[in-house]
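**Student:** Here is a sequence together with a model predicted from it:
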Amino acid sequence: MLDTALYSLATGIGMRWIAVAAAVGPSSLPLWGLALVTFFIPLSVATAELTARFEGEGGIYAWARDTLGPLAGFLCGWFYWIGLMPYFASIVYFLSGLILSTLGGDPKDTALYLSISIALTGLVTLLQLAGLNWGKWLPNLGAAGGWVVLGVILAIGAAIGGRGESATDFVHSSYIAPLNFDTAILWGTIFFAYSGVESVAFLRNEVEGGMPTIIRALIVLGIGSVIVYIAGTSSFLAILPKEALTRLAGFPDALRIGLERVHLGMLAPAVIGLFALSMMGSFTGWFGVGARLPFAAGIDSYLPKVFAWRHPRTGAPIPALLLQAALMLGMVVLSQAGTGVAAAYDFLVAMSVLGTTVPYVFMFAAYLKASRLPPVPGAWAPPGGMRTSLALGWIAQVATLIAIACTLVPSSSDSHPFAAFLKIVIATAVMTGAGLAIYWAAKRRAAPEF
């Protein structure tokens, strides 16, 4: 149970999103609550129900395939997997910035960013190639380190607020978010921050205790998410005003300044190091989960059969892991084309939110359809049964479509916003076209010859 809970916390909570929310100000706090009700809770319930109903490999991919058909299932799995590539790249980008900041390097040196990205990707890939027994330790350590960092953040915020020195006047602040790019990227990011619940299903056959363990892990994840996101954002705003926070560097800046304000600045390198460890844990956990999708596609013959191969001793899907590493590094290079560091990071965030949000359209459509099927004897179901499932499914579907629209708003950091918009649209079109080409090629290979 402990391993599963820590793994779900590592893959389901991203503390760096606190800085994105805090950069918008106190108006982000109601949005965390709104997203909790309209997305996280429905997603958790849907994950529990669908995991109990469908026992095969593939998680979200298998759910869409078995309810909506093979094409919908493939596109769902394809977008989910390919959307992880910019997500991985954005984590590596973020970690590279932390390392450069610690070493006193030039934050605008793209060559250094790329070098550090290659080294980090190599480390995570090697851990996952060693199998889940080894690959789980960095996510577990990262989750533990992340909670230490959160405790420090909350303690600093409480100390500063208790002295009446909060950088934000919470009483007289506006809690209505303005209609601009920052709010658009915030809603998409908050949505994305609450996502990942369904990742537990990818490891269903490897989790000791089965469904009861998964249900308990989802409850722990829900409680942890509320504490991290809402309390963490409030503490950041107590440490620094929103004008002093940025999406890319806001987290380490707030940690460093906050510790200095409580006369513990000498601890900053250690605390930032723990934060980097938590980010590495999240990256490693998701890297292992993501490889299960090309593995499942290899089993279904959408990808070459080599991707269905696991190492006989470790169980690691080695070809899928190596493909993931290559694609992720390609995304790091692509994100830097003709843009600055901040805009490249915003592009990666937008692409990761878009790529991993589109599959939820398929997932909730599958959930709505599965909810109308006869119940599986002994399977978990929410109070209220089908009516509750249908209501939650429709609420989450609307929230998902709004989040997709928000990802198309160009970054305020980009000097060429229309070009940034086109880059997202073209990248999405290429992703869709590539997926359809792979699907139809697999269909032709499987067609009988006369």
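**Tutor:** Now that the structure is in, tell me what you want to look at. Since the structure is predicted, the reported quantities are computational estimates derived from the model, not experimental observations.

**Student:** Quick check: buried residues in stretch 367-381?
**Tutor:** Neighbour counts over stretch 367-381 (16 or more other CB atoms under 10 Å) mark 367-368, 370-371, 381 as buried. Quick note: C-beta positions are derived from backbone N, CA and C, even for glycine.

**Student:** how far does that stretch sit from the chain's center?
**Tutor:** 27 Å (CA atoms, centre = their mean, to the nearest Å).

**Student:** Can you list the neighbours in contact with it?
**Tutor:** Contact partners of stretch 367-381, identified using CB atoms under 8 Å, 6 or more residues apart in numbering, comprise 46, 48-50, 52-53, 63, 67-68, 211, 215, 385-386, 389-390, 393-394, 397.

**Student:** mind redoing it with 6 Å?
**Tutor:** Contact partners of stretch 367-381, identified using CB atoms under 6 Å, 6 or more residues apart in numbering, comprise 46, 48, 52-53, 67, 386, 389-390, 393.

**Student:** quick one: which of these has the most company?
**Tutor:** Within the contacts of stretch 367-381, neighbour counts (other CB atoms under 10 Å) peak at Ala46, which reaches 27 neighbours.

**Student:** Now do the same for that residue: its pLDDT.
**Tutor:** Model confidence at Ala46, given as pLDDT, is 92.

**Student:** Next, the contact list for it, please.
**Tutor:** For Ala46, counting by CB under 6 Å, 6+ apart, the contacting residues are Tyr367.

**Student:** Next, the buried residues of the helix or strand hosting Phe275.
**Tutor:** According to DSSP states H and E, Phe275 maps onto helix 268-290. Neighbour-count burial for helix 268-290, with 16+ other CB under 10 Å as criterion, is recorded at 268, 271-272, 274-290.

**Student:** how about Trp380, secondary structure?
**Tutor:** coil (DSSP: H, G, I helix; E, B strand; the rest coil).

**Student:** Compute the number of surrounding residues for Gly385.
**Tutor:** When neighbours are counted by other CB under 10 Å, Gly385 comes out with 11.

**Student:** Can you give me the separation between it and Ala365?
**Tutor:** Distance, Gly385 to Ala365, by CB to CB, to the nearest Å: 19 Å.

**Student:** Also Val171?
**Tutor:** For Val171 relative to Ala365 (CB to CB), the value is 43 Å.

**Student:** And Pro312, by the same measure?
**Tutor:** Noted for Pro312: a distance of 38 Å to Ala365, by CB to CB.

**Student:** which one of those two has more residues nearby?
**Tutor:** Using other CB under 10 Å as the criterion, Pro312 and Ala365 rank with Ala365 on top: 18 against 6.

**Student:** Once you drop chain neighbours, what's closest to the more buried one?
**Tutor:** Leaving aside its chain neighbours, Ala365 sits nearest to Leu68 (6.2 Å; criterion: CB to CB, 6 or more residues apart in numbering).

**Student:** and that neighbour, backbone torsions?
**Tutor:** phi -110, psi -10 (degrees, to the nearest 10).

**Student:** Burial check on it, number of neighbours?
**Tutor:** Applying other CB under 10 Å, I find that Leu68 has 18 neighbouring residues.

**Student:** ok now do Phe287, which residues does it touch?
**Tutor:** Shown in contact with Phe287 (CB under 6 Å, 6+ apart): 124, 128.

**Student:** one more time with 8 Å, if that's ok
**Tutor:** 88, 124-125, 128, 321, 324.

**Student:** between these, which is closest to Ser225?
**Tutor:** Ranked by distance to Ser225 (CB to CB), these are led by Phe88 at 21.0 Å.

**Student:** Now do the SS call for that closest one.
**Tutor:** helix.

**Student:** so after the helix or strand bottoming out on mean pLDDT in the chain, what's the next helix or strand?
**Tutor:** Least confident helix or strand of the chain, by mean pLDDT, DSSP states H and E, is helix 132-135 with a mean of 60. Next helix or strand after helix 132-135 toward the C-terminus (DSSP H and E): helix 137-162.

**Student:** Show me what that following helix packs onto, helices and strands only.
**Tutor:** helix 2-12, helix 110-129, helix 232-239, helix 250-261, helix 268-290 (3 or more CB pairs under 8 Å, 6 or more residues apart in numbering; DSSP states H and E).

**Student:** Could you tell me the angle between that helix and helix 232-239?
**Tutor:** Relative orientation of helix 137-162 versus helix 232-239 (axes from the mean of the first three to the mean of the last three CA atoms, to 10 degrees): 50 degrees.
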